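S.K.: Here's my sequence, what's the structure:
(one chain, ligands or ions: 1)
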Amino acid sequence: MSERRENKTILQLERVSRFYRTRGNVFRGGGRLVVALNEINLSLRAGEIFGLVGESGSGKTTCGRLIVRLEEADQGRITLNGEDITHLKGKKLREYRRQVQMVFQDPYQSLNPQVTIADSVAEPLITNKVGSPLDHMERVLKVLKTAGLSPAEDYVYRFPHQLSGGQRQRVAIARAIVLEPSLLVADEPTSMLDASYSAQIFEILQGVRDKMGATIMFITHSMASARYLCDRIGVIYRGHLVEQGPAEQVINAPQHPYTKALIDATPKFGRAAEVPTYGTLLAAERPANSSAGCPFFRRCALAERLLCAGTYPPWRQVGPEQVALCHLLEDAAPAVSTG
Ligand code: SF4
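M.R.: The predicted structure follows:
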């Protein structure tokens, strides 16, 4: 928690890009290069919950996979506590993975159905040769409790099929925190759960941050979830970050047209009168003649054809610690670097 007060940067992404090649065929030859992430600059502060928000296919999961090094960046640099981890291999990569863990979207697939909960949660301890078998059970009980499975003794000898979806996701969280990582990447951990379970998972993640001091990257398509849980938010569209800032500020005063469209699409329920709407800012998808312009040009209803299609927009300071990537921001300060 002291680190949290110091505002220390724990993780930094500098101009990180990731490309995939689509499969070719006999008629058209080799595959096409698709940009999954384009020169992402991002910093996470120690002890914060940072929300990476975007629709399906925006590149947010790819970003999480690069951070936990399930994939390797094609360009750019990722550092944890100042150490370059972008291309770590072998023993150093294994050591890095003790510090950085991931909770996956699907609790049904992230646990081995043939292994008891105790063995599943203890496996990272055994693989990393941490503690003795006696310590293992103690640690397993402790993290199951932290993950809200209480009394923990009732769960250790069960198998995943004997648990509900929400309970399985708690086990997946327990497994991810058993090595006491300094950074946890939670990739849409509630998207397969109903609302009441989602709220419980949010509380558990807050507990992991508050009691264990872990920093969390929360990947989500839901602005409502990000608002509930996160200290800061980054909005990502087709591999490009388009807005970043404190969660309340981005949601109460969004500046980028895509962020506004996401907020318009968020269910308002009983608070509809309090929450402004921005009208639809999405145009029917239009062609773009080059990739040089704004990444949102194809769908932006506010686009100015010559400027937006031809020139990549600069980052603008639009509020205290809030920046947005757009040519047409009223009252915005001059361009800033997000690196
Ligand atoms: Fe829309 Fe142009 Fe701003 Fe891009 S730069 S978000 S196309 S107005």
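
S.K.: contacts and neighbour counts: CA atoms only from here.
M.R.: Fine.

S.K.: Over to Asn41. Which of the three states is it?
M.R.: Judged by DSSP: H, G, I helix; E, B strand; the rest coil, the three-state class of Asn41 is strand.

S.K.: Name the residue of the stretch 1-150 of the chain that lies nearest to the ligand.
M.R.: Proximity to the ligand, evaluated over the stretch 1-150 of the chain using CA to the nearest ligand atom, is greatest for Gly54 at 14.9 Å.

S.K.: Was I right to think that residue contacts Phe218?
M.R.: No. Contact criterion CA atoms under 8 Å: Gly54 and Phe218 do not qualify, at 11.4 Å.

S.K.: how about the helices in the chain?
M.R.: 2-6, 60-67, 90-99, 117-127, 133-146, 165-177, 195-212, 223-229, 247-252, 257-264, 305-310 (DSSP state H).

S.K.: tell me which parts of the stretch 151-300 of the chain are close to the ligand?
M.R.: 257, 294, 296-297, 300 (CA under 6 Å from any ligand atom).

S.K.: Tell me, how many residues neighbour Thr259?
M.R.: Close neighbours of Thr259, defined as other CA atoms under 10 Å, add up to 26.

S.K.: Contact partners for it?
M.R.: 235, 243 (CA atoms under 8 Å, 6 or more residues apart in numbering).

S.K.: Ok, Ala303 next?
M.R.: Phe297.

S.K.: Just the pLDDT at Leu33, thanks.
M.R.: If you check Leu33, the pLDDT there is 83.

S.K.: got a list of what Leu141 touches?
M.R.: Per CA under 8 Å, 6+ apart, neighbours of Leu141: 152-153, 156.

S.K.: if we can go back for a sec, got a winner among the residues of the stretch 151-300 of the chain next to the ligand for most neighbours?
M.R.: Neighbour max across these (other CA under 10 Å) = Pro257, 26 neighbours.

S.K.: Relative to Gly51, how far out is that one?
M.R.: 18 Å (CA to CA, to the nearest Å).

S.K.: In a markdown table: the residues of the stretch 151-300 of the chain next to the ligand, plus pLDDT.
M.R.: What follows is those, written out as a markdown table (pLDDT from 0 to 100):
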| residue | pLDDT |
| --- | --- |
| Pro257 | 95 |
| Cys294 | 95 |
| Phe296 | 94 |
| Phe297 | 93 |
| Cys300 | 93 |
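
S.K.: What is the nearest of the residues you listed to Leu66?
M.R.: Set against Leu66, the nearest of these by CA to CA is Phe296 (23.6 Å).

S.K.: Can you name the residues that contact that closest one?
M.R.: With CA under 8 Å, 6+ apart, Phe296 has these contacts: 237, 258.

S.K.: Could you do the one 4 residues further on as well?
M.R.: Applying CA under 8 Å, 6+ apart to Cys300 gives the contacts 257-258, 281-283.
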